[in-house]
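**Q** model this:
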Amino acid sequence: MSRFGSGAANRSQIRAFSKSITKHPPLPSKLSSFHARILALGLANHTLLNSYHKLSESTWNSILVGYYRAGHFAQVLTRYIHLRRQWSIGLDSAAITFACKSCIELNHLQLGRGIHVDAVKFGLNGNGFVGSSLIGFYCKCGSMGDARKVFDEITYPDVVVYTSIITGYAHIGDFRAYEAFGIAVRMQRKGLLPNRVTLVSLLQAASQLDTLKEGRSVHGYAIRRGIGGFDEVFETSLMDMYNKCGAPKIAACIFGNMKKKTIGLWNVMIAGYLRSEQPLEAFRCFCQAMQEKYVPDLITFSNGILSCAHLSYLPEGKSIHGHIIRVGVKLDVVATTSLVDLYSKCYNLIQARTVFDRMEKKDAIFYDVMMNGYLHNYFASEATHIFLEMVQEGIQPNLGSILTVLSATSELKDFRKGKFFHGYVLRYGFDLNVEIANQMIYMYSKFGLIVCARKVFNKIRYRDLVSWTSMMMVYVHHGHADEAIILFRLMQREQVEDDTVSLLTLLQALSQLGCLNLVKEVHCHLYRVNIDSEISLTNSLITTYSKCGKLNMAANLFDHAVKRCPTSWNAMIHAYGMHGKCMEALMVFEQMKSNKVKPDGVTFTSILTACSHSGMVNEGLQVFKSMVEEFSIIPCEEHYGCVVDLLSRAGLLEEAYNLVKSLPSRLGDSTLGTLLAACKLHGNTEMGENIGRRLLDLEPKNSSAFAMVSSLYAEGGKWGEVVRIRAREKGRGLKRTPGWTTLILHIQTLWVLDNPVASALQQAFAEYRARTLQAEEPLYRYVSGSGGLVLSAGELKKLRLKQEEGG
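**A** Numbers count the residues shown, from 1 in each chain. Reported below is the predicted structural model:
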């Protein structure tokens, strides 16, 4: 009504028109143009329309069409129901078609099904126009099965009908979109040629499925037929397809050949660069569009801000924000979300929260970005508060919301919050999603709850490779490498193909156990699947072979590696240092420098450790000096710890202690344990006592620190101090971690022999198996395939005593 004025003048105009149509009703033939005037003046429910009892079908169809075109979809449905119930007149295809289209606009599923029933009753379900509308209705409601049944019932489907079903499949967003191409082939076999709309839908299907081959076929067909050469919608869909299918260069080529560009095409190009993780190209494209005086819309601004967010270009992002304010553009939720993302990624969290709070209508994605912003800025607790605020506002969390809040809970290591959010996931059925289940496995791993993580893993119905790898990582991280190996075997039995990450995890497990035979099996497997040249796997094999005592095999792998990265050099230097071959480690270091590979902090940690284990003090100090002066690397606590260990092992305790005292407290405190152990080794009790007192003040909850200080006093004969230290430790409720070792035995062979060792092992193994069934933590672990038996130090002592008593 606002188009026709307001106030008293408008009301008098409506009143006059109402009186005129009541006194002088228009002829039925004029009603199709007359009803538009009624709608314009807000008289859609005028009694005049209800007074025409004998209007023809075509006249009422014209009225319904007029309502639909004016956007009065509810009136279309009201009139349709009124005609259907009050007047026993037949309905033709136009009435059913526009009633069905109104149901699509209003998302009215039940009424739409009722209209479908009417179409069947009147024999119109085989009509092409009615069928197209019903197909569109069912596709919009996500019922592709019903849409396909309607399509199959149409007697003579034309191009419009085929295009409707193809469009439905293209928009469905899953593997069923492949049906769109099958229907297009069937359409051509019937002698029907796809039009521009059909090809646009096929391009959208290719984009959804990430199938470049089919997309290029559609492009080639369009060129042969001369379709869409100068059509903006077609060219936009074509560029979008190439961008989503991982071919941004082809999209850029098409864009560059266009003579007439619009801001929509620029938006597609910028979004394509962002999708292919080329934010710098996206920003350059945005700047070029601005320089060529194209008028940007909100999508352009949003993409420009997102490119700045990915590049951490805060000043440029602020400039775009300022331009938006100057030109008076009202931000929508998409542009505002981009601004929150920009300020969050540029560590300007206060501004991000200000923009967030000013937005009145927030959706789930908007909350997700704010949560990720807090998580990115290490405010995990605030991220969980945002999630709770979103739920309290009645906004349904999406997949991203759940993943983000679980990540935040993992960072907090808050067991109670983790259980709370796990309950929320179960209550609302999110646990069926494999990505969420994988994130919960990671969360429980951070809590140290391996059993809970395994329970989540066991409940996953369709496990993907990430599920298996995540669970293996949990076991490796918490020292249960044997379980990781068993899990890998189960994964192979389930015929899940491994990848680089899963094999790296397996090698870490084998490295912990020292199972050389299984390492060789993995190495052979890499040759069989032709991924032995993967540089990360080569580095892991070098480390694993060196830990298994096969330094020659590690060196052979390093020498014959096709590619090397700094990690490769670090792994080889560390391998030589681990085996006490400091000279070889230094030679590799010199070779590394001659090959123009810049060493990093890990390189110097490995070299300093090698020098420390070999007692090469001068060489180690020279390396430490070159790290600072030649390579400008600032030493961290690990480097200072290596230098202190280097001096301490050589008996230079005074020099080591002076170095510790000269360091800042945050760097020097971590080296006290190393220095205390050296004092105990070299018998310097006086210095050891001073360091011990300082260490206990710094780490009052470290049981190993109490053990070292107590042992130092015991060696000095100060038993009173020993009693005092142990009482202090007991008062704090600290428990010492018992030592353990690993036995790799051919147990079956030993049991056949009649000797005391085999008998004792067999008896102990049976006893431990019975006791472990009742214990929360196993007293032993049996390693499948290698006969590995892991016993605690106390159990080994008992076993040794039994052996001595027996013989």
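**Q** and L426, what is it in contact with?
**A** By C-beta atoms under 8 Å, 6 or more residues apart in numbering, no residues touch L426. All C-beta atoms are positioned from the backbone trio N, CA, C, and that covers glycine.
**Q** got any ranges where the stretch 601-750 of the chain has weak pLDDT?
**A** Regions of the stretch 601-750 of the chain meeting the criterion pLDDT under 70 cover residues 665-670, 700-702, 729, 732-750.
**Q** where do the helices sit along it?
**A** Here the stretch 601-750 of the chain has its helices, by DSSP state H, counting those that start in this stretch, at 601-614, 617-629, 637-649, 653-662, 665-668, 672-682, 685-698, 703-715, 719-731, 747-752.
**Q** looking at those, spot the one closest to L513.
**A** Put simply, out of the helices of the stretch 601-750 of the chain the one that sits nearest L513 is helix 747-752, at 15.4 Å, with distance taken as C-beta to C-beta.
**Q** pretty sure V597 sits in a strand.
**A** No - residue assignment for V597, taken from DSSP: H, G, I helix; E, B strand; the rest coil, gives coil, which places it outside any strand.
**Q** can I get the helices of the stretch 601-750 of the chain in a markdown table including distance to F283 and mean neighbour count?
**A** As requested, the helices of the stretch 601-750 of the chain are arranged in a markdown table below (distance: least, C-beta to C-beta, whole Å; neighbours: other C-beta atoms under 10 Å):
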| stretch | distance to F283 | mean neighbour count |
| --- | --- | --- |
| helix 601-614 | 32 | 23 |
| helix 617-629 | 37 | 17 |
| helix 637-649 | 38 | 22 |
| helix 653-662 | 47 | 16 |
| helix 665-668 | 39 | 13 |
| helix 672-682 | 49 | 21 |
| helix 685-698 | 48 | 17 |
| helix 703-715 | 52 | 19 |
| helix 719-731 | 59 | 14 |
| helix 747-752 | 64 | 12 |
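**Q** export these to TSV and tack on distance to S401?
**A** What follows is the helices of the stretch 601-750 of the chain, written out as TSV (distance: least, C-beta to C-beta, whole Å):
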stretch	distance to S401
helix 601-614	37
helix 617-629	45
helix 637-649	38
helix 653-662	48
helix 665-668	37
helix 672-682	44
helix 685-698	41
helix 703-715	41
helix 719-731	46
helix 747-752	51
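**Q** and K361, which of those is closest to it?
**A** For the helices of the stretch 601-750 of the chain, the distance to K361 is smallest for helix 665-668, at 47.0 Å, taking C-beta to C-beta.
**Q** now N267: how far from T500?
**A** In this structure, N267 and T500 are 36 Å apart, going by C-beta to C-beta, to the nearest Å.
**Q** pick out whichever of these two has more residues nearby.
**A** Regarding N267 and T500, a neighbour count based on other C-beta atoms under 10 Å identifies N267 as having more, with 25 against 14.
**Q** so how far is G322 from that one?
**A** With the distance defined as C-beta to C-beta, N267 ends up 21 Å from G322.
**Q** can I assume L513 is in contact with E483?
**A** No - judged on C-beta atoms under 8 Å, L513 makes no contact with E483 at a distance of 11.0 Å.
**Q** so how far is Q512 from S536?
**A** With the distance defined as C-beta to C-beta, S536 ends up 18 Å from Q512.
**Q** out of the helices of the stretch 601-750 of the chain, nearest to D210?
**A** Proximity of these to D210 was assessed by C-beta to C-beta; the nearest stretch is helix 601-614, lying at 37.7 Å.
**Q** alpha carbons of the closest one, as CSV, please.
**A** Provided in CSV are the C-alpha atoms of helix 601-614 (Å, rounded to 0.1, in the frame of the first residue of the first chain):
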residue,chain,number,x,y,z
GLY,A,601,66.4,-25.0,16.5
VAL,A,602,65.8,-28.7,16.4
THR,A,603,69.1,-29.2,14.5
PHE,A,604,71.1,-27.5,17.2
THR,A,605,69.3,-29.4,19.9
SER,A,606,70.3,-32.7,18.3
ILE,A,607,73.9,-31.6,17.8
LEU,A,608,74.3,-30.3,21.3
THR,A,609,72.8,-33.6,22.7
ALA,A,610,75.3,-35.6,20.5
CYS,A,611,78.2,-33.5,21.9
SER,A,612,76.9,-33.9,25.4
HIS,A,613,76.7,-37.7,25.1
SER,A,614,80.2,-37.9,23.6
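**Q** what packs against that helix?
**A** Counting by 3 or more C-beta pairs under 8 Å, 6 or more residues apart in numbering; DSSP states H and E, the packing neighbours recorded for helix 601-614 are helix 566-578, helix 582-594, helix 617-629, helix 637-649.
**Q** okay if I get those as JSON lines plus distance to H219?
**A** Listed next are the helices and strands packed on helix 601-614 as JSON lines, based on distance: least, C-beta to C-beta, whole Å:
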{"stretch": "helix 566-578", "distance to H219": "42"}
{"stretch": "helix 582-594", "distance to H219": "49"}
{"stretch": "helix 617-629", "distance to H219": "56"}
{"stretch": "helix 637-649", "distance to H219": "56"}
